[in-house]
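A.B. asks: Mind looking at a prediction? Sequence and model below.
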Amino acid sequence: MRNTGLEKLPEDFGQLQSLKELHLNHCKHLKTLPNSFGWLERLEYLDMSYNPCLEVLPESFGRLKALNYLELQGCSIGGKIGLPLNFSELIMLRILSLDKTLIQIVPESFKDLNALLNLHIHQCPKLEFIQALPRNLEYLDIAECPKLVDIPCLSNLSSLKYFMLHDCPRLTHLQGLESMKALVQVRISGCKMLYTNPSMNHDGALEMRNLSGSMMSMKYDTDWWKVTYHTLAQMCL
């Protein structure tokens, strides 16, 4: 259903209850989804990228219990009423892209997305606050969010392996980085107001760290390059 002229789906669309994969992207005129959309209880893969007129997800969206991949890039979701209150009931969701949406807040309820492993938040011009993050995340990529001023402490993200933070010029603090023992790669750049001094006494398998374009400074133990970061493959300070 890519590149169609649809403005809406039929009200009984949810009766396609055997549907497992749906590509509903680049539909430039699509404005609404029927409330029956939540009846697609076997749906696992949903690509709704680049539907610029789509502003709201139906209240039934949280009933998509089998959904594990969701692409919302380039939609206008979040501009009016945000994500549905039951969004955190997507208990199987593993990969989520909110790139280029109009969300203003990543809500506290996001902490309940326990299956979520991969989260992308790029080019969200209205995003100001990330109130919570799922504790089982392995990959977190936040970039080009000019109004973002706050993200939660990262110390509970014990499974996080890849952390990217780029071009968020109003962000001033970052807490908990020193507690993330599973980290393999950290890249932080273009956050010119970010100032923190975490102790990176890291005994894991960190391979790359890039802290360019910020005011972050790092505090190290004696002979850290010999003991603490023996697996470090690339560094840019």
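C.D. replies: Happy to help now that I have it. Just so it is clear, the model here is predicted, and its values are computed rather than measured. Numbering: from 1, shown residues only.

A.B. asks: In this structure, where is pLDDT below threshold?
C.D. replies: Scanning the chain with the threshold set as pLDDT under 70 gives 1, 3, 80-81, 196-237.

A.B. asks: Three-state assignment for the residue nearest to the spatial centre of it, please.
C.D. replies: Taking Cα atoms, centre = their mean, the centroid of the chain lies closest to L119, which sits 3.0 Å from it. With DSSP: H, G, I helix; E, B strand; the rest coil as the basis, L119 sits in strand.

A.B. asks: Just grab the bridge partners of it for me.
C.D. replies: L96, L140 (DSSP bridges).

A.B. asks: That one: what's it in contact with?
C.D. replies: Applying Cβ atoms under 8 Å, 6 or more residues apart in numbering, one finds that L119 lies in contact with L96, L98, L133, P134, L137, Y139, L140, D141. Every residue, glycine included, has its C-beta placed from N, CA and C.

A.B. asks: Quickly name whichever of those is closest to C27.
C.D. replies: Nearest to C27 out of these is L98 (Cβ to Cβ; 18.4 Å).

A.B. asks: Isn't that closest one up against L72?
C.D. replies: Yes: look at L98 against L72 with Cβ atoms under 8 Å: they come within range, at 5.7 Å.

A.B. asks: if we can go back for a sec, against E128, how distant is the residue nearest to the centre of the chain?
C.D. replies: Using Cβ to Cβ, to the nearest Å, we find L119 at a distance of 17 Å from E128.

A.B. asks: before we move on, what about R94?
C.D. replies: Distance of R94 to E128, computed by Cβ to Cβ: 26 Å.

A.B. asks: which residues does the residue lying closest to I103 once chain neighbours are set aside contact?
C.D. replies: Spatially, and ignoring its direct neighbours in sequence, I103 is nearest to G78 (3.2 Å; Cβ to Cβ, 6 or more residues apart in numbering). For G78, the contact set (Cβ under 8 Å, 6+ apart) comprises L98, T101, L102, I103, Q104, K126.

A.B. asks: which residues of this structure fall in strands?
C.D. replies: 21-23, 45-47, 69-71, 95-97, 105-106, 118-122, 129-130, 139-143, 162-166, 185-189, 208-210, 234-236 (DSSP state E).

A.B. asks: and for the second one, what are the contacting residues?
C.D. replies: To tie it back to what came earlier, the one meant is strand 45-47. K20, E21, L22, H23, L24, N25, L64, L67, N68, Y69, L70, E71.

A.B. asks: Count residues in the vicinity of the second one, would you?
C.D. replies: So the one you mean is E21. 11 (other Cβ atoms under 10 Å).

A.B. asks: try the fifth one
C.D. replies: Applying the criterion other Cβ under 10 Å, we find 20 residues in the vicinity of L24.

A.B. asks: do the third one as well
C.D. replies: Other residues near L22 number 18, with proximity taken as other Cβ under 10 Å.

A.B. asks: Would you confirm that it contacts L43?
C.D. replies: Yes: L22 is within contact range of L43, at 6.2 Å (criterion: Cβ under 8 Å).

A.B. asks: filter the contacts of G78 to the buried ones?
C.D. replies: Neighbour counting by 16 or more other Cβ atoms under 10 Å classes L98, T101, L102, I103, Q104 among those as buried.

A.B. asks: And those residues, which is closest to L6?
C.D. replies: Of all the buried ones among the contacts of G78, T101 has the smallest distance to L6: 19.9 Å, by Cβ to Cβ.
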